[in-house]
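Chemist: sequence and predicted structure below; questions after.
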Amino acid sequence: MSVSPGTKNPRDWKALLTRHEMLLLYVLIAEWLFFYFAGTTTNRRGVVVGFGTLDRQFDILRHSCEIGLLALALTPVIITAGIDLSIGSLLGLCAILFGKLWHDGGLTIPVAAGLTLALGALAGGINASLITALRLPPLIVTLGTYSLFRGLAEAITHGAITYTDFPASFLFVGQERWLGLPTQAWVFLGVALGVGLLVHRTTFGRAFRTIGFSPEGARYAGLPVARRLALVYVLAGLIAAIAAIIYTARLGQAKADAGTGYELFAITAVVLGGTSIFGGTGSVHGTLLGVAAIAVLKNGLACLPVVMRMNAAEEMSGLLTGALLLLALTASVLPKILSRFRTRHHAPAL
Amino acid sequence: MSPAPLLALRQLVKNYGGVRALRGVDFDLQAGEVHALLGENGAGKSTLIKVITGAHQPNGGTLTLAGQRVANLTPSTARALGIACIYQQPALFPDLTVAENLALRLEATSASSRIDWPARRARAEQWLARLGAEISPEAEVRSLSMPEQQLVEIACALGAGARIVIMDEPTASLTQKEQRLLFAVVRDLRKNGVGVIYISHRLEEIFALADRVTVLRDGQSVGTHAVGDIDEAGLIRLMVGREVAQIYPAAESTPGHRVALSLRAVGCRASGVHNVSFEVRSGEIFGLGGLVGAGRTELARILFGLTPADSGEITLHGQRLTLRSPQAAVAQGIAYVPEDRRRHGVVLELPIAHNLTMAIHRRFFPTTWLRFGAERALALDFIRDLAVKCAGPDAPGGSLSGGNQQKVSLARWLATKPKLLILDEPTQGVDVGAKSEIHKIIRRLAKEGLAVILISSDLPEVIGMSDRIGVMGGGTLRAILPGGSAPHDVMAAALGTTEKGSV
Amino acid sequence: MKRYFRELSVLGALAAVLVGMAIFAPAFFSPQPLLSLLTREAPTLVVACGMACVIITRQIDISVGSMFSVCSVCAGLLAARGWPLLLVLPASVALGALLGAVNGLLVAGLRLPSIVVTLATMVTLRQGLNLVRQGEFVNLPDRIQWFGLSQMAGQLVLVGASVVFLVALALAMRHVAAGRFVYAVGTDAEAARLAGIRPQLVTFLVFIFIGALTGLAAMMNLAQSPQVQPLSGAGLELKVIAAVVVGGVAISGGRGNLWGAFTGLLLLACVSPALIHLHIEAYWEKAIQGAIILLAVVADGLRARGLNR
Amino acid sequence: TAADSKLVVAMLPKSKGNAYFISCKVGADKAAKELGIQLLFDGPTDSNAAKQNEIVENWITLGVDVIAVAAENKEGISTALRKAQKAGIKVLTFDADAMTDARSFFVNQATPEGIGQGLMDEAARLTNSEGEFAMIVASLTASNQREWQQHIEARLKEKYPKMKLVAVRPCDDLKDKAQSEATALLSANPKLKLIMAICSPGVPGAAEAVKQAGLTGKVKVMGLGLPNENKRYVHAGVTDSIILWNTGDLGYLAIYAGVALAKDELKKGAKTFKAGSLGTFSIAGDNILLGKPFIFNKANIDQFDF
Ligand SMILES: Nc1ncnc2c1ncn2[C@@H]1O[C@H](COP(=O)(O)OP(=O)(O)OP(=O)(O)O)[C@@H](O)[C@H]1O
Ligand SMILES: Nc1ncnc2c1ncn2[C@@H]1O[C@H](COP(=O)(O)OP(=O)(O)OP(=O)(O)O)[C@@H](O)[C@H]1O
Ligand SMILES: [Mg+2]
Ligand SMILES: [Mg+2]
């Protein structure tokens, strides 16, 4: 076949429309429409309530910011075929550090926030150095720091101290709106844009992908493998710190249990978004769609009258998220399995 | 010879997708005979073996074992039928001990059977002792050196008590002493009426060991001879099959006088390379010949910073270099097209365009910002220049045929505008057409003034392409011969049988 | 000796902790509490055995906590309905095996990554259980407790049975061909195929095995108290994985053994009581456990580097 | 529709699976039926402040009429509750209070001070005011646990100089974990006279540990818990006393108060409040008082079923 640079193959369109992200987008739209019609009602006082209200949409956005940030942090990590289980714990540790720096350290909010970001990156650096310098498996390293970071947060606060009484100007970040959107949504979108550009538009992202597919191949191509891997984990630490600050602003408190279990939701969102746990393939917009699909599901279910009567929104959304994940995974290998059968039955031509 | 052969293959065909690895091979093996299989790289020797051991299913032809036709061979049935094999790439379990490796390959155990460790150990000891190998049965295979692993493979084949033992380049990484042990074993097997298929690139071994020899070329058998009836020169002619000088494009210019690369007593203990000195001039193609395991790839890895040298001196265009990482080598203008292109040369999952710009991120995307349009244009240029057959710049590397993958791997490094280009087996497993295209490209590059090191196990290729030929053996440079030397001389230098021709 | 270096060093660490306890808090060694500690850890130990096998085959199963909860509650409900113990026990094991088979089918059959598959089943099972039970305790009839034996006898039976089981399994992993197949698949699935082993089948069976063991462990836990809390398996997966890894089973498959996993579990299980005995505040516990895990892997990493040099 | 015209009261426990709140729900359901309202009962599956906020915000957009909250974290929940008030929703708290400006009333089962003192006094009674004791708490991070613990320690310092608190251990609201913690406490502290558990899974867990250690009667067990979960230990003489208010009544009262608020029958400054079949309760400031905590022991525990 010869190359014709100008013409686009019509098959490309079909491929584009059946890509994982696209499928997820259809699911998301279907989900949203379903909840819009089934989850919106008028209450006793004649006010339109439920899923269809703008407030609800803003809440969804607000609630998905922290997990969304962690999912963004994980996307490059998983693209390099790594994993970071420690980010949920790191969120807790950073929240505590932030509170302590501000409250006990007497620093202003911006300075405390800046320091927290630096400490988050530093904690990511611990993961990074163990993984790259000693070539340890990320799963185990971050399992260790998962306990360590949470443990440090508890040790610092004796488990009990809660930092509160943050100034209103700070709480604005987590509880108010700015230019029409919840303030933290701007931060989230900013980070999403940054990570998206990094992964999809720069040589860094190219390197992540290459490493994810073939670390040896990357080395033979002269790419700085260890440095790029380190960057990914440090970045994850930094974003976890951002999430910690937003979390603190949303709840108005910093406490050692912040972000417990968030890593699992974040991994789920990333994988649902089409990023392969084996590395190489994956996209930031896929992750955003994954986060949105989970958030809409969770919030939408809570608005369904039937689920409300069962008092089981939380469990139903967990159940359906797990099922959705299994479905997405199976769908992702289906073509491979089908082609395996096909080649088994037909001898190759020529 | 007895009329009913132990093993008879008729018109065997095997395709890998579009690659026709075997296109109708006939082959006989008698009991009590050592039958050598000879051929260039990619001639189909290993493929033939894999069919015989049931690791791959053939696409056509028949396989007859002691007069009985066999179909649907699997590794376990082949083993049950008395076929044992030493694969070219050891198929061992690195985390398990030697004794256990032997047992897993040899004992046809049911899942519920009890394991008798002392017996396993004793048997392993016995097999290893029979080989004369000083390897503890308790050692983990991962901790063994390459030659030792090869010995374990050999012990596996021995212990099977098989009627047919196949050895695919067993001596590739063995030292002299171990080779002698192996030869004794092979003779012993022959005495006991076992049929041995023996693959080797080393002609001297074949003359020392084999009764008959079959030569494969491009997936076909081109002749079977009793070893007494043929000499070295005859075999090489059979293998290569055509006049060397006619095939390779003639040099269109003579290399300049400026020395580009100079090595002085370079060595690296970790990779077994020592005391290598030579010079390559701008515009020169410096061939590196030698047998498998001669240390050529290791030398290339040193020059590319993958295993940094720990002695000697490397200078490029008069500047002394310390090459501690591939990044450093790339920054100095050194390019390396690796021999294992599927693992190292191209990232199979990524599009051709991405593969092409991989080594020039810094230069091509100075702001770190990707420029898709420019990248695509660059890719299209290379695809046209090198006549890469592909669906377009977005086609993944894995969708290309071997030769075209090799071109992409080459193009990646040409894009870096290197001062020194190291090509490691650039035409291994590449079909004839693509091969000659790659040769033309190499010539053109040299004409443009690039210094090229061409590593190849394909004897005619090194001879036909190189301005000078360095012959390596045992991790060091044994001789430097002029281009166009007689194949016999190169082979002789590689084997270390004669010292004549040293420059 | 050299081959068991890793296991011996964990054993050394455990011994060091025990010696330390003997010096600073000899009360740690009073028999009854020690037996109680072992009784409490017995079910975890059984799951850890299964996890060791899974990790040796180069897979992972993070759904054990949820499987444990589901088996506990189902077995509890059966027992509360008056099923005899002799039927509840196999039912629990069978349910565990069934859940494990689902994981195994997805991992071995569809070749999906085990970490994501078991993450999904973990979430699904846990939330399904929450949905159905809404957190309610199951009250058990008296005869289930200690299998109807006296408490002392019951404890001894539990600890004895699990130790016998562990020893039997550890020996089987070494001395029965099936155990070696597990190792073979974990070090190199393709080499295993060439040696006539079916890697996908082995993987599938290993997942069934850990499921069945989780069902058994749930039963052992059930026998210890008159009530089942649906959350009972929460966090079990991380505890077990950490123990197995600290005990020297390599996450990259093929290396390590059950003795190590056993020692690793004891080491981690000692942390909490040791802190109590040494009167160290509870809030240091997680940090210390994390540090132990990191120390173990760093030691592994340094040793691997030493070997490669 | 008819269903829509019903008043909607949403009740938010700290954690949904906790037996304590399940028994609250029983009373709340009863009240809902009597009053003919729709009751939503939802909460995190495990104690989690962030999830509580999300659920409240969900209810705001659902436009419920009343929200009754048991706050996991005082400050954390208050922002969401203020938002609810702004949206015209009546807010009250039960079990654990939020900031006072974030709700109208607090249905107070007992003040933290009262609980702390009650627990400590009972512990002192059981040990003759001397010797070592240890505590098991839900988690190190739960705020009401922390508050009770502070009052217990204050009372200890003030009135019982011969008693000594040797350890405080978390059990993550898991009975099994409580049991292993208690086991370790027993062997580490041979002079231990009593274990006090202040979370509901903690008491049976500690009792099981004492029973298995063969220390029944030698080491006393007491704490905050539900009668049903502890009956068998109380009868076996392992657990001595359980302190608790009637949780069903707490749920019942919270719903009645919520509905009264929504119907403007309950206003600031009221001194008493009548809640259906339970009769009249007094109001102190903005706290509706359920009454003193109750001590359950062998003698009376069988009279209660929750
Ligand atoms: N798995 C495979 N997939 C596709 N092509 C293959 C595969 N294995 C071998 N080939 C191709 O089949 C041809 C024959 O390869 P084979 O390995 O049999 O050669 P050989 O004679 O053993 O060479 P060598 O001397 O290098 O070992 C080559 O062109 C090779 O690239
Ligand atoms: N010092 C050494 N110790 C152990 N193995 C070695 C050593 N030196 C080389 N080898 C092994 O010997 C084999 C051949 O080495 P190398 O690749 O350098 O040879 P080559 O001349 O390039 O041959 P090829 O034709 O295979 O490319 C390799 O598998 C390498 O791992
Ligand atoms: Mg070969
Ligand atoms: Mg080579």
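Modeler: On my side now, so go ahead. Keep in mind that what you see is a predicted model, and the values were worked out from it rather than measured. Ligands and ions are numbered 1, 2, ... in the order given.

Chemist: what are the pairing partners of the helix or strand D:Ile243 falls within, and which direction each?
Modeler: Per DSSP states H and E: D:Ile243 is located in strand D:239-244. Strand D:239-244 pairs in its sheet with strand D:220-224 (parallel), strand D:294-296 (antiparallel), by DSSP bridges.

Chemist: what's the average pLDDT for the helix or strand hosting A:Leu25?
Modeler: Taking DSSP H and E as the criterion, A:Leu25 maps to helix A:20-38. For helix A:20-38, mean pLDDT rounds to 91.

Chemist: so, low pLDDT: which residues of chain C?
Modeler: The model of chain C has pLDDT under 70 over residues C:1-3, C:305-309.

Chemist: what's the neighbour count on residue 61?
Modeler: All of this refers to chain A. A:Leu61 has 19 neighbours, counted by other Cβ atoms under 10 Å in any protein chain shown. Quick note: C-beta positions are derived from backbone N, CA and C, even for glycine.

Chemist: try chain C instead
Modeler: When neighbours are counted by other Cβ under 10 Å, C:Asp61 registers 31.

Chemist: isn't it right up against C:Thr118?
Modeler: Yes - look at C:Asp61 against C:Thr118 with Cβ atoms under 8 Å: they come within range, at 4.9 Å.

Chemist: tell me which element the residue nearest to C:Ala94 when sequence neighbours are not counted falls in.
Modeler: Of all residues not flanking C:Ala94 in the chain, C:Gly215 sits nearest, at 7.0 Å (Cβ to Cβ, 6 or more residues apart in numbering or on different chains). Assigned by DSSP H and E, C:Gly215 belongs to helix C:199-222.

Chemist: could you report the pLDDT at residue 176?
Modeler: This is for chain A. Model confidence at A:Glu176 (pLDDT) stands at 85.

Chemist: ah, no, chain D please
Modeler: Per-residue pLDDT puts D:Asp176 at 83.

Chemist: not counting residues beside it along the chain, what's closest to it?
Modeler: Nearest non-adjacent residue to D:Asp176, counting by Cβ to Cβ, 6+ apart: C:Ser232, 5.7 Å away.

Chemist: over to C:Ala250?
Modeler: C:Gly256 (5.7 Å).

Chemist: can you check C:Ser272 too?
Modeler: C:Glu285 (5.9 Å).

Chemist: please save the CA atoms from stretch A:295-306 in CSV.
Modeler: Extracted C-alpha coordinates of stretch A:295-306, given in CSV (Å, rounded to 0.1, in the frame of the first residue of the first chain):
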residue,chain,number,x,y,z
ALA,A,295,-19.5,11.0,39.5
VAL,A,296,-22.7,11.2,37.4
LEU,A,297,-23.6,7.6,38.3
LYS,A,298,-23.1,8.2,42.0
ASN,A,299,-24.9,11.5,42.2
GLY,A,300,-27.6,10.5,39.8
LEU,A,301,-28.5,7.3,41.7
ALA,A,302,-28.9,9.4,44.8
CYS,A,303,-31.6,11.4,43.0
LEU,A,304,-33.6,8.4,41.8
PRO,A,305,-36.8,8.0,43.9
VAL,A,306,-36.5,4.3,43.9
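
Chemist: and that stretch, what's its mean pLDDT?
Modeler: Stretch A:295-306 comes out at a mean pLDDT of 88.

Chemist: and chain D, is it touching that?
Modeler: Yes - counting by Cβ under 8 Å from any Cβ of the partner chain, chain D is contacted by stretch A:295-306 at A:Asn299, A:Ala302, A:Cys303.

Chemist: flag the shaky bits of the chain, pLDDT-wise.
Modeler: I went with chain A, as the question did not name one. A:1-18, A:339-350.

Chemist: hmm, no, I was thinking of chain D.
Modeler: Chain D contains residues with pLDDT under 70 at D:1-4, D:141.

Chemist: identify the residue spatially nearest to the closest residue to chain A within chain D, adjacent ones excluded.
Modeler: Relative to chain A, the nearest point of chain D is D:Leu140 (2.4 Å; Cβ to the nearest Cβ). Closest residue in space to D:Leu140, ignoring its immediate chain neighbours: A:Gly159 at 2.4 Å, by Cβ to Cβ, 6+ apart.

Chemist: picking that back up, can you pull the contacts of the residue nearest to C:Ala250?
Modeler: Contact partners of C:Gly256, counting by Cβ atoms under 8 Å, 6 or more residues apart in numbering or on different chains, are C:Arg6, C:Glu7, C:Ala52, C:Ile55, C:Ile56, C:Val244, C:Gly247, C:Gly248, C:Val249, C:Ala250.

Chemist: residue closest to the middle of chain A?
Modeler: A:Ala71 (1.1 Å; Cα atoms, centre = their mean).

Chemist: measure that one to chain C for me?
Modeler: 14 Å (Cβ to the nearest Cβ, to the nearest Å).

Chemist: make sure B:Leu454 is actually in contact with B:Gly287.
Modeler: Yes - in this structure, B:Leu454 is within contact of B:Gly287 by Cβ under 8 Å, at 4.9 Å.

Chemist: now the common contact residues for the two.
Modeler: Common neighbours of B:Leu454 and B:Gly287 (Cβ under 8 Å, 6+ apart) are B:Val462, B:Met465, B:Ser466.

Chemist: for the residue nearest to C:Ala250, grab phi and psi.
Modeler: The phi and psi values for C:Gly256, taken as degrees, to the nearest 10, are phi 110, psi 170.

Chemist: up against chain C, what does the stretch 201-306 of chain D have?
Modeler: Remark: the part of the stretch 201-306 of chain D in contact with chain C comprises D:Pro201, D:Pro204, D:Glu208, D:Ala209, D:Lys211, D:Gln212, D:Ala213, D:Gly214, D:Glu229, D:Arg232, using Cβ under 8 Å from any Cβ.
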